[in-house]
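# Here is the input, now give the coordinates:
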Amino acid sequence: MDARLKQALFTPRSVVIVGASADKAKNASRPLRYLVNGGYGGKIYPINPRESEIVGVPCLPSIADVPEPADIAYVLLGSDAAITAVEQCGKRGIRVAMILASGFGEAGAEGKAREKRLIEAANASGVRLIGPSSIGLVNLHEKLILTGNSSFARPDFKLGGIFCGSQSGSMIGALLSRGRARHVGFAGLVSTGSELDLSLGELCEATLDDPNVTSYLLFMENLRHGDALRRFAVGAAARNKPIVALKLGRSEAAAELSTSHTGGLAGEDDVAEAFLADCGIARVETLEGLLEASTLLRRLPNPARASRAPVIGVVTTTGGGAALVVDQLGSRGIAVEGPDAETLAAVRKTGIDVAHGRIVDLTMAGVRYDVMKGALEAMLASPKFDVVVAVAGSSAQFMPELAVKPIVDVAQQHGRLAAFLVPEAPDALAMLADADVPAFRTPEACADVIAAAMRRRPARALETPKPPAVAKPHSLDEMEGYELLRQLGLRPAPAVAMDIAKGSADPSMYPAVVKVLHRDVAHKTDIGGVVLNVRSDDELKAAAARIRDNIARAAPKLAVDKVLVQKMVTGTVGEVLLGYRVDPQVGPLVLLASGGVMTEVVRDRTIRMAPVNLDEARVMISELKGLKLLTGYRGRPAGDIEAIARAIVAISNLASRPEINELEINPLMVMPAGEGAFAVDVVAHLRG
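Numbering: from 1, shown residues only. As a prediction, the model looks like this:
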């Protein structure tokens with residue numbers, strides 16, 4: 001984004017308010033009043049042909065009467081009138097138009113047509129758009145409060161370093177008001193609306209070099225414009241400005257990617273989870289966590305993938321309060337462990353005979369400055385703990401100088417310290433906030449943020465090649481799919497294609513599986529296109545005839561003249577599903593799932609953005625519960641885990657093959673350790 005556009009967006013020298021109202025009961029009256037009352041120092045041009053002035057600011061009858069090419073216009077008109085206003089902004093040389101109105105793409109066929117007209121108007125006039133359905137844009141450090149949200153009527157903003165980007169308009173006000181109660185300070189906020197032009201990623205990217213912005217908070221309803229969001233995330237990581245996101249859509253009702261097993265297993269939210277992690281964005285589950293995460297994220301570096309699972313230590317004066325945190329962390333797969341013998345001995349030097357256990361419980365005897373401080377310092381001196389949580393009981397409310405002041409003092413030297421206060425203790429929370437110490441009001445938020453911080457991975461810059469413009473979309477048949485796998489270095493089970501009427505094969509192929517061979521048949525079993533355990537030429541002829549008859553009944557318009565004869569793989573110890581898919585919003589991803597007929601029912605799967613390296617492939621394998629059976633569990637024969645890892649890497653490298661839109665191996669048959677793995681079915685689709 002060029003410097004002039006950045007300036008127009010967040011430090012405009014002049015603002016036009018199209019449709020400004022003098023009626024205080026209307027939303028359209030708020031932006032002008034907020035700018036004036038907030039002390040905005042630039043020029044303001046309200047457009048209202050029926051008023052001579054509003055709150056002391058002279059009104060103009062039309063956009064054409066604005067005396068200069070202003071930086072930004074906030075259009076408060078209805079949807080059709082907003083389109084005309086954008087055209088007029090272009091004629092007057094106004095760089096950016098922010099649209100409040102809805103009634104575009106979300107409003108059926110008529111709205112879609114209106115949306116098309118808006119885009120055409122913006123493109124023709126050279127105006128960049130925020131919205132539609134944008135409740136506004138705010139830069140508190142510049143006293144720019146260009147919004148109609150009622151939460152900004154209160155003037156007691158806490159200035160800070162958080163920039164908030166929200167796809168929901170009303171949420172910028174909700175986050176501001178909730179943040180105020182939690183001593184959260186904002187630098188700015190923007191409501192991105194429908195993102196017909198400027199996206200969440202682009203708008204946040206425009207603030208990366210603002211020294212007042214130290215971290216980012218994103219409220220996301222969906223995942224759009226993944227390339228811009230990734231570019232922003234990489235830029236933020238390079239500047240040590242962490243990002244936390246609350247992305248809606250964790251329910252099973254999330255849209256699925258495609259009709260393949262990979263699509264059924266990789267719903268929209270699964271893709272968002274993988275994408276955000278790959279961008280180094282900490283994804284939280286709770287609104288409290290969203291608001292309270294930034295302080296901890298700024299103090300914790302985003303490390304490369306650790307070779308071990310994260311470990312959390314807990315120091316407390318109340319066992320019950322600590323148990324709340326331990327329970328919440330455990331439900332998120334984060335381990336809480338006690339100190340080793342050396343660390344425990346250091347804790348006991350404070351004068352408290354702490355029992356060995358999962359938490360360091362100082363009991364009520366630990367409500368002393370020197371005891372709490374000494375215990376925290378001992379725990380933080382140990383490399384075992386990724387984060388240490390100090391849990392304070394009632395003393396946080398009535399004696400913060402004893403239980404909270406040591407947390408403040410220790411945190412000045414150690415970035416891995418966080419606090420959870422069990423009672424409602426606003427003064428203690430204020431003390432922690434003023435000292436920039438990560439503090440949480442609920443155990444849910446505490447665990448949520450710690451888990452999100454531990455799940456982060458370094459932000460990765462990925463360039464996805466564009467598909468050839470001349471390619472014609474089509475599926476590959478199974479033999480063509482196997483040839484593609486060979487190019488990737490993978491081994492399909494031995495197979496030959498033959499005319500459906502031939503009825504003979506090399507004896508070495510028996511026992512065999514006989515399958516229909518056709519580009520338009522992906523799920524062969526569904527139409528009777530598979531016969532197992534064929535052991536002779538006579539059985540092969542019968543199987544081919546049966547497949548021909550089954551397809552004639554199930555898909556009479558499908559002309560089938562070939563079958564595939566594949567040697568049955570024996571001696572396997574397990575099977576997995578491997579899938580690759582190019583998501584239209586975020587790009588290529590690779591999926592690993594436990595194989596077999598229960599694949600979609602159990603939904604034991606893991607997803608990454610592609611490509612991945614061998615180390616990350618091994619981590620993916622470790623995340624599947626079903627694959628623990630292949631590690632020699634309870635005397636079972638161990639499977640070739642490394643062969644699975646190599647296959648994951650190979651499939652993920654399709655990210656460099658832009659013509660491939662989707663590929664799935666289901667199943668990949670896993671042999672005993674050291675004997676490899678064989679693909680026995682593949683579906684592939686080329687895109688245009």
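# neighbours of D370, just the number please.
12 (other CB atoms under 10 Å). C-beta here means a position set from N, CA and C on the backbone, and glycine is covered the same way.
# Flag the shaky bits of the protein, pLDDT-wise.
250-267, 303-307, 465, 467-471, 596-603, 688 (pLDDT under 70).
# For the residue nearest to the spatial centre of it, which three-state class applies?
Nearest to the geometric centre of the chain sits L276, at 3.0 Å (CA atoms, centre = their mean). The three-state label given to L276 by DSSP: H, G, I helix; E, B strand; the rest coil is helix.
# tell me which element the spatially closest residue to it that is not a sequence neighbour is part of?
Nearest residue to L276, sequence neighbours excluded (CB to CB, 6 or more residues apart in numbering): R283, at 4.8 Å. In this structure, R283 sits in strand 282-284 according to DSSP states H and E.
# Likewise for V563?
strand 562-567.
# Give the closest residue to D561 in space, chain neighbours not counted.
Nearest to D561 is I500, by CB to CB, 6+ apart, at 5.5 Å.
# Counting neighbours, what do you get for the residue nearest to L276?
26.
# For burial, what's the neighbour tally of the residue lying closest to R486 once chain neighbours are set aside?
Closest residue in space to R486, ignoring its immediate chain neighbours: P492 at 7.1 Å, by CB to CB, 6+ apart. P492: 21 surrounding residues under other CB under 10 Å.
# residue contacts, P492?
P492 sits next to 482, 485-486, 678-680, 682 when contact means CB atoms under 8 Å, 6 or more residues apart in numbering.
# moving C-terminal of the strand holding R283, what's the next helix or strand?
helix 287-292.
# now that following helix, how far from the centre of its chain.
16 Å (CA atoms, centre = their mean, to the nearest Å).
# next one: stretch 197-210
17 Å.
# Then stretch 170-179?
For stretch 170-179, the distance to the chain centre is 21 Å (CA atoms, centre = their mean).
# Where do the strands of the stretch 501-650 of the chain begin and end?
For the stretch 501-650 of the chain, the strands defined by DSSP state E, counting those that start in this stretch occupy 512-516, 530-534, 562-567, 574-583, 587-594, 605-609.
# Which one of those lies nearest to E106?
Closest approach to E106 among the strands of the stretch 501-650 of the chain (CB to CB): strand 574-583, 21.8 Å.
# now the angle between strand 587-594 and that closest one, please.
Relative orientation of strand 574-583 versus strand 587-594 (axes from the mean of the first three to the mean of the last three CA atoms, to 10 degrees): 160 degrees.
# Check which helices and strands strand 574-583 sits against.
Judged by 3 or more CB pairs under 8 Å, 6 or more residues apart in numbering; DSSP states H and E, strand 574-583 is in contact with helix 261-265, strand 587-594, helix 641-652, strand 660-670.
# Report the separation between A512 and M498.
Per CB to CB, to the nearest Å, A512 is found 11 Å from M498.
# same check, this time on P426
Distance from P426 to M498, by CB to CB: 78 Å.
# that older thread, in PDB, please show the C-alpha coordinates belonging to the strand holding V563.
Taking C-alpha atoms only, strand 562-567 is exported to PDB below (Å, rounded to 0.1, in the frame of the first residue of the first chain):
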ATOM      1  CA  LYS A 562     -12.100 -50.000 -19.000                       C
ATOM      2  CA  VAL A 563     -11.400 -51.400 -15.600                       C
ATOM      3  CA  LEU A 564      -8.300 -51.200 -13.400                       C
ATOM      4  CA  VAL A 565      -6.800 -54.400 -12.000                       C
ATOM      5  CA  GLN A 566      -4.700 -53.800  -8.900                       C
ATOM      6  CA  LYS A 567      -2.800 -56.400  -6.800                       C
END
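# what's the spacing between that strand and its chain's center?
The answer for strand 562-567 is 42 Å, by CA atoms, centre = their mean.
# Tell me the strands beside that strand, with direction?
Counting by DSSP bridges, the strands paired with strand 562-567 are strand 495-499 (antiparallel), strand 512-516 (antiparallel).
# what's the closest of the ones you listed to D71?
Across the strands paired with strand 562-567, closest to D71 is strand 512-516 (CB to CB), at 63.3 Å.
# quick one, that closest one and strand 530-534 angle?
160 degrees.
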